[in-house]
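Undergrad: Pasted the sequence and its predicted model underneath.
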Amino acid sequence: MGVLERARSGLCSFGLNLSIMDPVLLEIAKAAGYDFVRLDCEHILFDDRTVSEMLRIGRLLDLDVQVRVPDLTRVTALLDNGAQGIMAPHIESREEVWEAEKAVKYPPKGERGLTGAARVLGYGRQDVAAYQKQANREIALIVQIESRKGLENIEEILQQPGLDMVATGRNDLSQSLGIPGKKNDPSVLEAENFIIRKTLEYGKIPTILCKSKKRFQELYDKGVRCFTIARDDLLLKKAAENQLTVMKEIFK
């Protein structure tokens with residue numbers, strides 16, 4: 001069951017943000033019990049071959065792979081190779097959502113280009129018309145609202161019919177609100193809560209980064225059911241630090 005279907009059924013999904021360019025991370029995420037991973041191609045310079053391989057392995061593992069993109073120029077290729085979700089960052093208007101929707105959704109919802117020989121169609125084995133309907137239902141268009149302008153235009157943004165999921169970005173929100181880096185400031189949390197409340201009001205699905213048990217409980221109580229809860233490189237660093245600390249206790 002994919003992330004969108006799980007959310008529509010009221011089930012929780014937990015994701016891992018990936019910045020390390022190695023497909024083995026997908027195997028680890030699957031073994032650890034995660035429901036999806038998200039490749040951060042906005043801030044990390046993933047090479048094409050690695051992304052393609054990670055998308056291929058995600059399909060083999062039945063693990064949803066979402067991609068956070070810097071722009072929309074390569075969305076068609078990402079989807080044809082198996083991406084189950086596209087996250088468009090820095091969305092501030094309904095027009096920007098429509099541009100993303102055109103890239104992610106097939107007609108009549110959008111204008112995604114069609115080929116019958118893509119990986120996602122089994123290189124010609126799957127019926128094209130059937131896949132179009134399936135893709136429009138199952139592939140998530142995710143937008144990030146992470147600025148003051150996005151907050152101001154949130155209602156028109158949420159009215160776009162092809163929008164499936166909404167994420168926040170507390171670092172960029174803090175910057176836009178004039179307190180850069182203070183992502184836990186009450187005003188930033190208030191802005192995130194406002195985005196979540198409006199997202200649910202419009203029948204969309206919030207997908208929120210959450211790293212603390214306290215915040216998770218707060219978000220769950222608000223109706224959030226889709227979370228990213230960690231980033232791979234930071235998890236590795238923390239585990240490495242903890243192990244080193246344990247070993248050095250002998251010197252105390």
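TA: Structure's in. What do you need?
Undergrad: Was I right to think residue 182 contacts residue 176?
TA: No - Residue 182 lies out of contact with residue 176 (CB atoms under 8 Å); the separation is 11.9 Å. All C-beta atoms are positioned from the backbone trio N, CA, C, and that covers glycine.
Undergrad: Just want to know which of these two has more residues nearby.
TA: residue 176 (20 against 16; other CB atoms under 10 Å).
Undergrad: ok, residue 179 - contacts?
TA: Taking CB atoms under 8 Å, 6 or more residues apart in numbering, we find residue 179 in contact with 185, 187-188.
Undergrad: export the residues you listed to a markdown table and tack on neighbour count and pLDDT?
TA: Listed next are those as a markdown table, based on neighbours: other CB atoms under 10 Å; pLDDT from 0 to 100:
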| residue | neighbour count | pLDDT |
| --- | --- | --- |
| 185 | 15 | 94 |
| 187 | 13 | 95 |
| 188 | 21 | 95 |
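Undergrad: so which of those comes closest to residue 96?
TA: residue 188 (22.0 Å; CB to CB).
Undergrad: Mind giving me the packing neighbours of the helix or strand containing the closest one?
TA: According to DSSP states H and E, residue 188 maps onto helix 186-201. For helix 186-201, the helices and strands in contact under the criterion 3 or more CB pairs under 8 Å, 6 or more residues apart in numbering; DSSP states H and E are helix 148-152, helix 154-158, strand 165-168, helix 170-176, strand 205-209, helix 213-222.
Undergrad: For residue 78, find the nearest of these.
TA: Using CB to CB, the nearest of these to residue 78 is strand 165-168, at 16.2 Å.
Undergrad: Starting from the closest one, tell me which strands it pairs with and how they run.
TA: Using DSSP bridges, strand 165-168 pairs in its sheet with strand 140-145 (parallel), strand 205-209 (parallel).
Undergrad: ok, residues contacting it?
TA: If you take CB under 8 Å, 6+ apart as the criterion, strand 165-168 is touched by 4, 7, 85, 87, 140-146, 158, 191-192, 195-196, 199, 204-209, 226.
Undergrad: Next: stretch 232-242.
TA: 16-20, 25.
Undergrad: Mind checking which of these are in helices?
TA: Among the contacts of stretch 232-242, the members falling in helices (DSSP state H) are residue 25.
Undergrad: Output the contacts of stretch 232-242 in CSV, with neighbour count and distance to residue 150 appended to each entry.
TA: Formatted as CSV, the contacts of stretch 232-242 follow (neighbours: other CB atoms under 10 Å; distance: CB to CB, whole Å):
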residue, neighbour count, distance to residue 150
16, 22, 25
17, 21, 20
18, 27, 25
19, 16, 24
20, 16, 29
25, 20, 30
